[in-house]
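In: next comes the sequence, and after it the predicted model I'd like to discuss.
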Amino acid sequence: MHRAVRNFRAGAFASAVAMLLCCGAAAAAERLRVCLNWAPGADHAPLYHARQEGWFAAADVAVDILPGGQSADTLRRLAEGECEAAVADFGAVLSARAQDRDVVAVMAIGAHAPYAFYATDGSALRSPADLAGKRIAAYGTDPPRRLWGAFAARHGLALEAVHWIDLPNNAKVEALATGQVDVAANGFYHHHLEYAAAFGDGLGVLWWREWGPDLLGNVLVLPTGAVATPASARFVALARRAWLACLSAPQPCLEALLAANTHLDPVREARKWPLAARSVAGTDEATEHLGCLDSARVRGTAVAWSLAKNVEAAATNHLLKQAGARCD
């Protein structure tokens, strides 16, 4: 994969470099604030890498990276002008658009949402059918719980086939360990570390990306009107270049993240990176297709969230194609 990434960066990315040189050099640096979903972490490392390497500055884009909270709040800040770009869950993008917030996804950062079900004994959780009758830990807005209807329909399970136990993320591992629940639902990639540490090789995991529905996770988001601006084009091209570079050689990216956020634990972030990378890239997505917003997955995610109205306008590959991505 590393060779393919290097070849791609030397070839297809050349057009994006040419665009940067012709369009960015003459103007003063344009400020572009990026609102993150939650606190900085391994999944944001490529943005810090591009900034530290001077790629944004060389393209006359002055990037500030702002910690945030839930995706819904991040998108509110974007729509209200507190930032010019954002990282957010695609389901939240669909919800924001339903509330007349004029935002659009321009790159898939989490092409495969990290939703999963966990059990302490892998032999008891071999397929979705094994969930029937189980007590599942999940809080009310947990994505796997909110999207249970789509998962159940995919696998021929009744809506009432499971029993939901209201628990926050920080109580799920203990609840599993003590037998208060049979299964825990997880919607965030980094929590996998806690389950793996607690239960080791015996851990049973049903990944939605493997069993379906395989839904979009985090995306890079812009105000719809900003898609046509040269600064946005340069920013997206370089963000994509950064993700490609980090998939090939993650250590410099993690170092950039840690240099900018000295409170983070280097060991934990290093363990989080492979999980983040797996959400970003599948088999061929690590090269020419990386970041592309697959139309079938966009629509499937919208249908799962029951927010399919005008879904075609919720995502665009326009800037990725300008950057050399081979998006359908």
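Out: Sure thing, it's come through. The model shown is predicted, which means the values in this text are computed figures rather than measured ones. Residues are numbered from 1 along each chain as shown.

In: can you name the element that comes right after the one helix or strand residue 301 maps to?
Out: Per DSSP states H and E, residue 301 falls inside helix 295-304. For helix 295-304, the following helix or strand on the C-terminal side (DSSP H and E) is helix 318-322.

In: quick one: distance of the helix holding residue 301 to the chain centre.
Out: Here helix 295-304 shows a centroid-to-chain-centroid distance of 15 Å under the convention CA atoms, centre = their mean, to the nearest Å.

In: could you do stretch 116-135 as well?
Out: The chain centroid and the centroid of stretch 116-135 are separated by 25 Å under CA atoms, centre = their mean.

In: other residues contacting the helix holding residue 301?
Out: 90-91, 94, 105, 111, 113, 147, 150, 213-216, 308, 311, 314-315, 328 (CB atoms under 8 Å, 6 or more residues apart in numbering). (Glycine included, C-beta is placed from N, CA and C.)

In: now do that helix, average pLDDT.
Out: On average, the pLDDT along helix 295-304 is 96.

In: helix or strand with the lowest mean pLDDT in the protein?
Out: Using mean pLDDT, DSSP states H and E, helix 2-10 stands out as the lowest-scoring helix or strand of the chain, at a mean of 45.

In: what about residue 129, how many neighbours?
Out: By the criterion of other CB atoms under 10 Å, residue 129 has 10 neighbours.

In: ok, residue 160 next?
Out: Using other CB under 10 Å, residue 160 has 7 other residues around it.

In: need the pLDDT of residue 281.
Out: pLDDT recorded at residue 281 is 70.

In: I meant residue 124, not that one.
Out: pLDDT at residue 124 comes out at 88.

In: now do the contacts for it.
Out: 130, 182, 204.

In: what of residue 77?
Out: Residues near residue 77 by CB under 8 Å, 6+ apart: 35, 68, 83, 86.

In: between the residues you listed, which is closest to residue 288?
Out: Proximity of the contacts of residue 77 to residue 288 (CB to CB) peaks at residue 86, which lies at 25.5 Å.

In: I'd assumed residue 33 was in a helix, is it?
Out: No: with DSSP: H, G, I helix; E, B strand; the rest coil as the criterion, residue 33 is located in strand rather than a helix.

In: that one is in contact with residue 84, isn't it?
Out: Yes: using CB atoms under 8 Å, residue 33 makes contact with residue 84 at a distance of 5.5 Å.

In: look at those two and report which has more neighbours.
Out: Shown here are residue 33 and residue 84; by other CB under 10 Å, residue 84 has more neighbours (22 against 17).

In: residue 117 falls within a helix, correct?
Out: No: secondary structure of residue 117 (three-state DSSP): strand, not part of a helix.

In: and the gap between it and residue 139?
Out: Using CB to CB, to the nearest Å, residue 117 is found at 15 Å from residue 139.
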